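>>> sequence below, structure please.
(one chain, ligands or ions: 1)
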Amino acid sequence: MTRWLLAAIAMLAIGTRGAMAGAPSPITARDAWFRYLLPEIPAGGFVTLHNAGASPAVLTGVRSAACGMAMLHRSVNRSGVDRMSMVPSVTVPAHGDFRFAPGGYHIMCMQPHMKPGDAAAVTLLFAGLPPMVVKFAVYGADGKPATP
Ligand SMILES: [Cu+2]
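Take a look at the predicted model:
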């Protein structure tokens with residue numbers, strides 16, 4: 001009886017401590033890179049986010065000292081004309097991926113302070129999850145080298 005009780009209390013204590021320290025984020029990032037052209041031209045940022053959690057994760061914004069201002073954008077081709085629009089958030093599905101990619105969703109880095117070869121830190125902000133810092137490899141106009 002006492003042993004059961006102690007075990008239950010220990011489990012509760014571990015659970016509480018885990019919650020207070022902040023559960024590890026279910027989000028991981030891969031293939032993060034910027035296409036950098038010139039300081040006065042906004043750089044596009046691309047990354048694939050994976051959500052290992054059981055509920056959708058909502059990315060609500062991005063911050064980066066390497067970007068001045070950074071925002072979430074989407075490119076849409078209408079009648080042969082590419083247009084970009086701001087999006088307030090994107091959702092990474094449970095047990096799934098969300099892909100920022102050329103021609104689609106991207107992180108718009110308004111005043112890029114970077115050069116090819118750099119790794120630019122970007123903070124991703126999620127609703128109800130801890131912020132996450134991701135290093136974006138900086139490539140030039142050619143973009144990310146094709147992976148073999
Ligand atoms: Cu854009």
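>>> use CA for all of it now, contacts and neighbours both
Will do.
>>> can you name the residues of this protein sitting close to the ion?
H73, M108 (C-alpha under 5 Å from the ion).
>>> let's see it at 8 Å
Counting by C-alpha under 8 Å from the ion, the chain comes close to the ion at 42, 44, 71-75, 84-86, 106-109.
>>> tell me which of those fall in strands.
Of the residues of the chain next to the ion, the ones assigned to strands by DSSP state E are 44, 71-75, 84-86, 106-109.
>>> the most centrally placed residue in the chain bridge partners, please.
The centroid of the chain falls nearest to L124 when counting by C-alpha atoms, centre = their mean (4.7 Å). When assigned by DSSP bridges, L124 has beta-bridge partners V62, M132.
>>> isn't it right up against P131?
Yes. Contact status for L124 versus P131: in contact at 5.6 Å, counting by C-alpha atoms under 8 Å.
>>> enumerate every residue touching the residue nearest to the centre of the chain.
By C-alpha atoms under 8 Å, 6 or more residues apart in numbering, the contact set of L124 is L59, T60, G61, V62, R63, P131, M132, V133, V134.
>>> quick one: contacts for the last one?
Residues near V134 by C-alpha under 8 Å, 6+ apart: A29, A32, A121, V122, T123, L124.
>>> please apply the same query to the fifth one.
Taking C-alpha under 8 Å, 6+ apart as the criterion, R63 is in contact with M69, A70, M71, V122, T123, L124, L125.
>>> in ChimeraX, how would I select the buried members of the contacts of V134?
Buried residues within the contacts of V134, by 16 or more other C-alpha atoms under 10 Å, are selected in ChimeraX with:
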select :29,32,121,122,123,124
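>>> between the contacts of V134, which is nearest A54?
Checking those against A54 by C-alpha to C-alpha gives A29 as the nearest, at 17.0 Å.
>>> mind exporting the C-alpha coordinates of stretch 103-123 to CSV?
Extracted in CSV, the C-alpha atoms of stretch 103-123 (Å, rounded to 0.1, in the frame of the first residue of the first chain):
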residue,chain,number,x,y,z
GLY,A,103,7.1,28.7,-55.5
GLY,A,104,5.0,28.1,-52.4
TYR,A,105,5.2,29.0,-48.7
HIS,A,106,8.4,30.7,-47.7
ILE,A,107,9.8,32.9,-44.9
MET,A,108,10.3,36.4,-46.3
CYS,A,109,13.5,37.9,-44.9
MET,A,110,12.9,41.6,-45.5
GLN,A,111,16.3,43.1,-44.8
PRO,A,112,18.8,40.3,-45.1
HIS,A,113,22.0,40.7,-43.2
MET,A,114,23.8,37.6,-44.4
LYS,A,115,26.0,36.2,-47.1
PRO,A,116,26.3,32.8,-48.8
GLY,A,117,28.1,30.4,-46.5
ASP,A,118,26.5,31.9,-43.4
ALA,A,119,24.2,30.1,-41.1
ALA,A,120,21.4,32.5,-40.2
ALA,A,121,19.4,31.8,-37.0
VAL,A,122,15.7,32.1,-37.2
THR,A,123,13.3,31.7,-34.3
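>>> I am finished for the moment; much appreciated.
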